[in-house]
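*Asks:* below is the sequence, then the predicted model.
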Amino acid sequence: CHADKDAQWADKLVREWRPRDYQAPLLKRAALIDSARKRDGSKLPEMLTYIQSRDRDEVFAASLIRLLMATEDPRITPVLLAAMKDSSPLVRAAGAEALGLRKTQETLQALVEAAGDDYRLVRVRAAASLGDYPGILSAGKYGEQLKKAGEELLASLSSRPDQWTSHYNMGNYHLVRGQLKEAAASYETALKLEPGAVMATVNASFAHARMGQNDKAEQFLKKALKTSPESAAANFNMGLLKAEQKDMKAAERHLKKALKNDPLMAQAAFNLCVMLSKDRLSEAIGFCRKASDLRPENPQYAYTLAFYLHQEGRTDEAISTLKATLEKHPEYRDAQMFLRKISRKE
C-alpha cells in the first residue's frame, strides 16, 4: 500500500504514532558496523565499548570483531582477550580468529585454551589462528587438545570438495604454514571450480612469488586483473611485483590504481611514498602523510613521514611528527633516535 509514498513518509508517521523510538538501538548498532567497514578510527572506543557491553547483540559484536580484525590499534587486544570468555561461542570464535593476527604470549595462551572450547566452531577458529606457531599443535600439556582441534580444522576445510571456497580456504591453511606448493595447488583447484575467483587468483600469485616463481606469479596477477581490472588487491600485488622487477612506471601505475579503488589501503600509499621519494619528494611526502593518517597505530608510517620531511628541509614539521608519534608509541626506538639526531642539528 501507499506505493506513492517513500520511506521517510512512513518513518514520520510511525514516530508520531509511537513515542518510543524502538529503532534507535538497531540504528546505533548499524552505525557502528558502518563505521567499522569504513575504518573510521574515531568510533573505535564506541565499538569496543559495545563489544563488551552487557546488552550487546552477539551477531553485531562478532561482526564488529571481524571488521576490526586487521586494525593494529593496541586498544583492541584486551577486548579480544575478554571476548574469549564471552558467553557466546559466536563471539569467542570471532575473537579467536582476530587474535591470530596479534602474536603475544597472552594471546597464544588464550588460543591454546580456546582449542579445548566446548564448541567446535571456537576450536576450529583457534586451530586456524595457531597455524603461525610452528610445532605448537603437538607441544606441551595441551598437545592432545591442540592435535584434535587441528584435525577438526582440516576436516572442516575438506568437508565440501565441490565448493571452490573449500579449496581456497585450504590454500590459506597451507600458505600460513609455509607449505607453498600445497597452497598453490589448492588455489589452482579452486580456480578450476570458479575461474573468476579473484582472491584465489591473487593468493596463487602470492604463493608462487614466495617460491621465487615470479613469472607464474605475474601470470596469475594478469588473470586476476583481466577478471577484475579494479581489484585493489590484484593491483597492489602487481605493483609490488613490478617494483621488484625494476619496472617503476608500471609499479607506480598499479599502486595508484590500488589506492584509487581502495582509498583506505595504507600499504599502497606507503609503498608509493618510498618509491617516489628518490625524485619526487613532495609527492612522496603526500603519500606518506596519507598512510600515517590512515594507520596512526603504525609508528613506521609516521617515522617515514618525518624522515622525508627532514630530507625536504622541513625539520620543524619532522620534529613535531616524531614527538606526536612518541606520545602514542613511547617505545618506538627509531623515532627516539631520529628525534635526538635532528634535534641536535637544530
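*Replies:* Alright, I've got the coordinates.
*Asks:* from residue 129, how far out is the residue lying closest to residue 133 once chain neighbours are set aside?
*Replies:* Nearest non-adjacent residue to residue 133, counting by Cβ to Cβ, 6 or more residues apart in numbering: residue 108, 6.6 Å away. Where you see a C-beta, it was placed from the backbone N, CA and C, and this is true even at glycine. As judged by Cβ to Cβ, to the nearest Å, residue 108 and residue 129 stand 9 Å apart.
*Asks:* those two: who's more crowded?
*Replies:* Using other Cβ atoms under 10 Å, the more surrounded residue of residue 108 and residue 129 is residue 129, with 26 against 17.
*Asks:* isn't the more buried one right up against residue 95?
*Replies:* No. Counting by Cβ atoms under 8 Å, residue 95 is not a contact partner of residue 129; they are 9.7 Å apart.
*Asks:* what sits up against the helix or strand bottoming out on mean pLDDT in the chain?
*Replies:* Least confident helix or strand, the chain: helix 7-17 with a mean of 79, by mean pLDDT, DSSP states H and E. For helix 7-17, contacts defined as Cβ atoms under 8 Å, 6 or more residues apart in numbering pick out 2, 21.
*Asks:* identify the residues contacting the residue nearest in space to the middle of the chain.
*Replies:* Nearest to the geometric centre of the chain sits residue 70, at 2.9 Å (Cα atoms, centre = their mean). Residues in contact with residue 70, defined by Cβ under 8 Å, 6+ apart, are residue 101.
*Asks:* helix, strand or coil for it?
*Replies:* Assigned with DSSP: H, G, I helix; E, B strand; the rest coil, residue 70 falls in the coil class.
*Asks:* what packs against the host helix or strand of residue 308?
*Replies:* Secondary structure assignment for residue 308, by DSSP states H and E: helix 299-311. When contacts are defined as 3 or more Cβ pairs under 8 Å, 6 or more residues apart in numbering; DSSP states H and E, helix 299-311 packs onto helix 266-276, helix 281-294, helix 315-328, helix 333-345.
*Asks:* tally of neighbours for the nearest residue to residue 193 once chain neighbours are set aside?
*Replies:* Sequence neighbours aside, residue 164 is the residue nearest to residue 193 in space, at 3.9 Å (criterion: Cβ to Cβ, 6+ apart). As a burial measure, residue 164 scores 20 neighbours (other Cβ under 10 Å).
*Asks:* quick thing: my sequence starts at 753, can you match it?
*Replies:* Shifting the count to begin at 753 puts that one at residue 916.
*Asks:* and residue 916, how far from residue 935?
*Replies:* Taken as Cβ to Cβ, the span from residue 916 to residue 935 is 15 Å.
*Asks:* and residue 1040, by the same measure?
*Replies:* 33 Å.
*Asks:* what's the answer for residue 1038, then?
*Replies:* For residue 1038 relative to residue 935 (Cβ to Cβ), the value is 37 Å.
*Asks:* point out where the stretch 853-1002 of the chain drops to low pLDDT.
*Replies:* Low-confidence segments of the stretch 853-1002 of the chain (pLDDT under 70): 886-892.
*Asks:* for it, which segments count as helices?
*Replies:* Remark: helices assigned in the stretch 853-1002 of the chain by DSSP state H, counting those that start in this stretch are 857-866, 872-881, 895-909, 916-928, 932-945, 950-962, 966-979, 984-996, 1000-1013.
*Asks:* of all the ones you listed, which one is nearest residue 1080?
*Replies:* Minimum separation from residue 1080 across the helices of the stretch 853-1002 of the chain (Cβ to Cβ) falls at helix 857-866, 21.1 Å.
*Asks:* walk me through the domains of the chain.
*Replies:* 753-909, 912-1014, 1017-1098 (automatic domain parsing).
*Asks:* what about the shortest one, average pLDDT?
*Replies:* What it means is domain 1017-1098. Taken as a whole, domain 1017-1098 carries a mean pLDDT of 93.
*Asks:* and it, how far out from the chain middle?
*Replies:* Relative to its chain's centre, domain 1017-1098 lies at 22 Å (Cα atoms, centre = their mean, to the nearest Å).
*Asks:* do the second one as well
*Replies:* The chain centroid and the centroid of domain 912-1014 are separated by 17 Å, computed with Cα atoms, centre = their mean.
*Asks:* start to end distance for that domain?
*Replies:* Taking Cα to Cα, to the nearest Å, domain 912-1014 runs 32 Å from one end to the other.
*Asks:* just the longest one next, same as before
*Replies:* Between the opening and closing residues of domain 753-909 lies a distance of 47 Å (Cα to Cα).
*Asks:* figure out the helix or strand that residue 802 lives in.
*Replies:* helix 796-804.
*Asks:* next SSE downstream of that helix?
*Replies:* helix 810-819.
*Asks:* buried stuff in the helix or strand following that next one?
*Replies:* Tracing the chain C-terminally past helix 810-819 and defining elements by DSSP H and E, one meets helix 828-835 next. Neighbour-count burial for helix 828-835 flags 828, 829, 831, 832, 833, 835 (criterion: 16 or more other Cβ atoms under 10 Å).
*Asks:* for residue 1096, give its distance to residue 1089.
*Replies:* Relative to residue 1089, and taking Cβ to Cβ, residue 1096 is found at 11 Å.
*Asks:* who has more neighbours, the two?
*Replies:* residue 1089 (12 against 7).
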